[in-house]
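1. Fold the following, please.
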Amino acid sequence: MSYQQELNASKNNPEDFWKEKSEALEWFKSPQKVLTQDEHGIHHWFADGEMNTAYMALDYHVENGRADQAALIYDSPVTDTKKTYTYRELRDEVAQTAGMLKDLGVGKGDRVIVYMPMIPQAAVAMLACARIGAIHSVVFGGFAAPELALRIDDAKPKVILSASCGVEIKRIIEYKPLIDNAIKIAEHTPKNVVVYQRPEATSELSQEGDLDWVKVVSKAQPVQCTPVKGSDLLYILYTSGTTGKPKGVVRENGGHAVAMKYSMDAIYDMNPGEVFWSASDVGWVVGHSYIVYAPLLQGCTTVFFEGKPIMTPDAGAFWRVVSEYKVKALFTAPTAFRAIKKEDPKGESIKQYDLSSLETLFAAGERLDPPTYEWLNEQFKLPVIDHWWQTETGWAISANMRGIEKMPVKPGSSTVPVPGFDVHILDDNGQEVAANQQGNIAIKLPLPPSCLTSVWGDLNRFKASYLETFPGFYVSGDGGYIDDDGYLFVMGRTDDVINVSGHRLSTGEMEEIIATHPAVAECAVIGRSDELKGQMPLGFAILKSGVETDQADIKRALVQLMRDKIGAVACYKDTVIVERLPKTRSGKILRKTLRQLVDGEDYVIPSTIDDPAILDEIQQAL
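-> Numbering: from 1, shown residues only. Next up, the predicted model:
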């Protein structure tokens, strides 16, 4: 079918459309009811089907001729380590690790937090949870203790699976002290913390319930896959909430597996046996979907890379990996390409490698800015595909459907809605706007398979955050427009979540942290445009009267505070000390105007502003 036929089929008869897609997977018991609605009015896909995601991703391939094919290639320039796991080897390791979890009392529906760096054991941990029907919640390795504590209290895990450390370019981050501190802060206490000891830094296992990963796994027996319902949860993944409390996005097994498998065909044009590389981290949704689950469900080989686009050892790191493993499609955030471009503007490192295997470059996590697109296009003469999606959806809302119909690229656009996503642009009153007119990007219900069906433990928050703004629609929180050709242009967030190197962070949470400093009377944080990272947080602080502390000391203290509370991922470096902030007469800080001023954009002085002279003062302070 053409793209348009596929899109129409998904809109006109979604149940038949998705039933057909579900038949590409091996179910223990095929779903009879494709789409159902519960008593709360929430839609679920394949609820009565019986399956196991780990079986579909591993055992099925072992039993059907792929046992000796590479499933996962681990490449770690930061530790100078390489290792390849076949489907059989990965299945066996997952089965034994699942046995270890079972020995610790973990069963179907129990939660397990996975707090790990980019090592194969992270994928093993996730798949082992899936194998026994446990719900994993991966937390980005090295996240600060208070953030980890929030997730411990929300998910209430029976076990935490971790490693002794993460290895960065210039430092080693020890994880166990962070975990111990998080457990002290948290009200909930996990029964066990299982630590995979890495040679770069070993952990002292001195707390009650601490266990050595290798020792406990060696004593366990491999276990078979536990059948789960299509509507049973596979994982919880936390995303920044505007209130500062993270939202636990939940993912159901059935719809997730179907969407992942379909997307590998339809969007990424990947066939079984081919090598796919998503250069991300398992702590983010991209890592869940396209490092671990989708490539394995499709029978591909996935690359697990522990390194950076530059300095491991140079700007040719990505091209070395592509060349060495014959990668067909590379998917990463635009910030990685910008870092490479900054270090190697003429693309000299690209010429050093045989990149003949590479057919497509995919970017997501933030808007692919036209200058970066043009640079990639110039260097590679390959399709450079921007696509747009969210933690909440788990896969692309709009993309260039490479496996169905290869469409012309428009710089700045994520191309067209993916079949299953009925995308509309609405004004603030919920009315459809004309082509080329900006508005709120919303998706008509029901959402397709794999999208969140709730927020963990808080259905009311799910409804309030996503469904109540425009009845009958999911509100994405992003603004944009659709042009005359049906191409979607995503222009940015409509709330206060900023995008730093593809990581969504709440400025509201940052403001709460700055406000804890004893010298700060009031503050605001905005995301300013950054050529390398997309956005960077910039703080504005009003100091309390009579403060005698040196301003440079206060600024340094705020940077440290942000590191302690959120972690280095916040990239918080700059605070501007001001006498006052631009506000409306009702006292609301004009963050959009601040952002436009900082980025040097033209802006209209809002009619609601209390005193326009404040903007000149801010300009001088900058």
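2. Leaving out the residues flanking it, which one is nearest to residue 183?
-> Once flanking residues are discounted, residue 183 sits nearest to residue 189: 6.0 Å by CB to CB, 6 or more residues apart in numbering. All C-beta spots, glycine's among them, are computed from the backbone N, C-alpha and C.
3. Contacts for stretch 556-575, please.
-> For stretch 556-575, the external contacting residues (CB atoms under 8 Å, 6 or more residues apart in numbering) are 140, 142-144, 146-147, 500-501, 503, 505, 509-510, 513-514, 516-517, 520, 533, 536-541, 554-555.
4. Just the helices from the stretch 101-250 of the chain, written as ranges.
-> 120-131, 145-155, 176-185, 213-218 (DSSP state H, counting those that start in this stretch).
5. rank those helices by mean pLDDT and give me the bottom one.
-> Between the helices of the stretch 101-250 of the chain, the one with the least mean pLDDT is helix 145-155; it has a mean of 94.
6. The stretch 201-350 of the chain: strands as residue ranges?
-> 210-212, 228-229, 233-239, 247-252, 275-278, 301-305, 327-332 (DSSP state E, counting those that start in this stretch).
7. all strands for the stretch 51-200 of the chain, in order.
-> Under DSSP E, counting those that start in this stretch, the stretch 51-200 of the chain gives strands at 70-76, 81-86, 111-115, 135-138, 159-163, 165-167, 172-174, 192-196.
8. Most distant residue from the centre of the chain?
-> residue 546 (43.6 Å; CA atoms, centre = their mean).
9. Which of the three states applies to that residue?
-> Per DSSP: H, G, I helix; E, B strand; the rest coil, the secondary structure class of residue 546 is coil.
10. How much space separates residue 35 from residue 452?
-> 16 Å (CB to CB, to the nearest Å).
11. among the contacts of stretch 556-575, which are in helices?
-> 146-147, 509-510, 513-514, 554-555 (DSSP state H).
12. mind saving the C-alpha coords of the worst-scoring helix or strand of the chain on mean pLDDT as PDB?
-> Here the helix or strand of the chain ranked lowest by mean pLDDT, DSSP states H and E is strand 503-506, holding a mean of 75. This file holds the C-alpha atoms of strand 503-506, laid out as PDB (Å, rounded to 0.1, in the frame of the first residue of the first chain):
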ATOM      1  CA  HIS A 503      16.300  15.200  27.600                       C
ATOM      2  CA  ARG A 504      13.100  16.800  28.800                       C
ATOM      3  CA  LEU A 505      13.600  18.700  32.000                       C
ATOM      4  CA  SER A 506      11.100  20.800  34.000                       C
END
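13. Strand partners (parallel or antiparallel) of that strand?
-> strand 497-500 (antiparallel) (DSSP bridges).
14. Read off the pLDDT value for the closest residue to residue 501 other than its chain neighbours.
-> Excluding its sequence neighbours, the residue lying closest to residue 501 (CB to CB, 6+ apart) is residue 335, at 4.2 Å. pLDDT, residue 335: 82.
15. who touches the closest residue to residue 59 other than its chain neighbours in this structure?
-> Leaving aside its sequence neighbours, residue 59 sits nearest to residue 91 (CB to CB, 6+ apart; 5.8 Å). By CB under 8 Å, 6+ apart, the contact set of residue 91 is 58-59, 62.
16. ok, now residue 135?
-> 109-112, 129, 155, 233-236.
17. Quick check: which ranges of the stretch 401-550 of the chain have low pLDDT?
-> By pLDDT under 70, the weakly predicted segments of the stretch 401-550 of the chain are 494-496.
18. all strands of it, in order?
-> 416-417, 423-426, 439-444, 473-482, 488-493, 497-500, 503-506, 520-530, 534-543.
19. Next, the buried residues of the last one.
-> Spelled out, it's strand 534-543. 534-543 (16 or more other CB atoms under 10 Å).
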